[in-house]
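**Student:** Predicted model and sequence follow; I will ask about them next.
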Amino acid sequence: MIRYLIFVFIVLCFGTHAQEVKRDSLEHLLTQDLADTTRIDVLIEIAKIDLGTQKARADSLFQSAISLVKQLKRAEDQAKAFEKAGHYLLKTSAYDSAVTYYKKALRLDQKTDKIKAL
């Protein structure tokens, strides 16, 4: 039983450390000059990491990402970002909001497919 507890403790410690390292690496990326689509991806990834421990911070990062999405010019880029936003909201159990973002992504995908077909 003691071995099991020690094993669980070690796994939890290293798992938490790995998340911190990943978050630090992603935060370092934000200090660099990134394309808006990459910046959105990074913000959403950090928000996912922070979701379990720092929900207010995660929500703030998510809102920053959504603000950037609205500034994107290409519908294809917006669709990808809205899909990732939907995934984030799904993880937060905000199902209605997740569906809204998935629908936005789908509409934009359909729009770009029609344009490509012309």
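**Tutor:** Perfect, I can see it now. Numbers count the residues shown, from 1 in each chain.

**Student:** Can you give me the neighbour number for residue 88?
**Tutor:** 25 (other CB atoms under 10 Å). No exception for glycine: its C-beta is placed from N, CA and C like everyone else's.

**Student:** just checking, it touches residue 59?
**Tutor:** No: applying CB atoms under 8 Å as the test, residue 88 and residue 59 come out as separate, 9.7 Å apart.

**Student:** Overlap in contacts, those two.
**Tutor:** Common contacts of residue 88 and residue 59, defined by CB atoms under 8 Å, 6 or more residues apart in numbering, comprise residue 47.

**Student:** What segments of this protein are helices?
**Tutor:** 2-30, 36-50, 55-71, 75-91, 95-117 (DSSP state H).

**Student:** Can you mark which positions in the third one are buried?
**Tutor:** It refers to helix 55-71. 58, 59, 61, 62, 64, 65, 66, 69 (16 or more other CB atoms under 10 Å).

**Student:** Let me have these in CSV, extended by pLDDT and distance to residue 80.
**Tutor:** Compiled in CSV, the buried residues of helix 55-71 are given as follows (pLDDT from 0 to 100; distance: CB to CB, whole Å):
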residue, pLDDT, distance to residue 80
58, 87, 20
59, 87, 21
61, 88, 18
62, 88, 16
64, 90, 17
65, 89, 12
66, 88, 13
69, 87, 9
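
**Student:** how close does residue 95 sit to residue 101?
**Tutor:** 11 Å (CB to CB, to the nearest Å).

**Student:** quick one, which of the two is more surrounded?
**Tutor:** Neighbour tally, residue 95 and residue 101, criterion other CB under 10 Å: the higher count belongs to residue 101, 22 against 11.

**Student:** Let me see the contact set for the nearest residue to that one once chain neighbours are set aside.
**Tutor:** Distances taken as CB to CB, 6 or more residues apart in numbering put residue 86 closest to residue 101, at 3.7 Å, once the chain neighbours are dropped. Counting by CB under 8 Å, 6+ apart, residue 86 touches 98, 99, 100, 101, 102, 105.

**Student:** Pull out the buried members of these.
**Tutor:** Counted by 16+ other CB under 10 Å, those give 98, 101, 102, 105 as buried.

**Student:** Since that was my last question, I'll sign off now.
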